[in-house]
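Q: coords below, sequence missing:
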Ligand code: HEM
Ligand code: HEM
């Protein structure tokens, strides 16, 4: 029996922790921005920023780990064009894991709100206070999130297609409890 080759445990753990954080951050971001000014809104903004910067920190660890650990080979049945699309999509997802938190941080800085990570670590402001720029950066952060949602939807659809239709073990590479030949 050929066991499905998998990503390393570290790569799998980082993938899923970041995925869970992103699946929490998007609805949290959409919800909090619609609230009227209140203590709840201020608290949720703080949590959003702390969790978002946690994604940035984990993405750095993930990239460093990835640099030293190549993914396991894909099944030979996957055509070259599909491999190329998957690689491009993964690159874009990596890019968004960095620029979305950075644009959020820059928005907060331009709005004149310093982030104190988890209430204990004061982070430097990336930019001087500038309300007009904060507005633009907030819109950029929001647009990039629209892109992320679309790409993640594509990514999940591809993973499910491989699992349900092709049954080629691609999802099992990233899910430790799945066994597929
Ligand atoms: C991967 C990490 C992150 C994700 C997925 C994310 C997602 C979102 C989403 C979906 C919104 C709502 C956008 C809209 O109204 O259409 C939002 C708003 C916002 N986020 Fe993030 N965010 C992340 C990281 C951060 C970080 C690290 C900060 C700051 C340190 C931050 C600060 C903000 C701010 C200030 C807004 C309000 C923008 C505005 O209304 O102008 N975000 N975020
Ligand atoms: C239910 C949600 C998700 C599923 C089912 C899923 C599934 C997978 C699978 C099966 C792979 C391995 C692909 C391969 O073998 O080449 C993978 C890789 C990857 N996923 Fe996800 N994923 C999900 C969510 C996410 C999210 C939210 C992100 C980040 C925005 C993400 C980013 C990535 C990246 C960057 C890779 C490439 C890893 C590498 O080669 O270093 N995934 N995912």
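A: Here it is on my side, so go on. Keep in mind that this is a model prediction, so the values were computed, not measured. Residues are numbered from 1 along each chain as shown. Ligands and ions are numbered 1, 2, ... in the order given.
Q: Please, which helix or strand holds the spatially most central residue of the chain?
A: With distances taken as C-alpha atoms, centre = their mean, residue 97 lies nearest the centre of the chain, 4.3 Å away. Per DSSP states H and E, residue 97 falls inside helix 80-110.
Q: so how far is the helix or strand that comes right after that helix from its chain's centroid?
A: Using DSSP H and E, the next helix or strand after helix 80-110 towards the C-terminus is strand 116-117. What separates the centre of strand 116-117 from the centre of its chain is 20 Å, taken as C-alpha atoms, centre = their mean, to the nearest Å.
Q: Stretch 85-100 too?
A: 9 Å.
Q: mind listing what's buried in it?
A: Across stretch 85-100, burial judged by 16 or more other C-beta atoms under 10 Å covers 86, 93, 96-97, 99-100. Where you see a C-beta, it was placed from the backbone N, CA and C, and this is true even at glycine.
Q: What is the burial count for residue 144?
A: 17 (other C-beta atoms under 10 Å).
Q: which ones are touching it?
A: Contact partners of residue 144, counting by C-beta atoms under 8 Å, 6 or more residues apart in numbering, are 96, 99-100, 103.
Q: same check, this time on residue 75
A: Residue 75 makes contacts with 168-170, as judged by C-beta under 8 Å, 6+ apart.
Q: between those, which is nearest residue 16?
A: The closest of the contacts of residue 75 to residue 16 turns out to be residue 170 (C-beta to C-beta; 15.7 Å).
Q: Could you tell me how many residues sit around the closest one?
A: Residue 170: 22 surrounding residues under other C-beta under 10 Å.
Q: returning to what we had before: let me know whether the residue nearest to the centre of the chain touches residue 53 as I believe.
A: No - counting by C-beta atoms under 8 Å, residue 97 does not reach residue 53; the two are 11.9 Å apart.
Q: burial count for residue 76?
A: By other C-beta under 10 Å, 7 other residues sit near residue 76.
Q: That one and ligand 2: what is the separation?
A: Separation of residue 76 from ligand 2 (C-beta to the nearest ligand atom, to the nearest Å): 13 Å.
Q: Show me what from this protein comes close to ligand 1.
A: Residues of the chain found near ligand 1, taking C-beta under 6 Å from any ligand atom as the criterion, are 22, 25-26, 29-30, 33, 48-49, 52-53, 55, 100-101, 104-105, 107-108, 115, 138, 141-142, 145.
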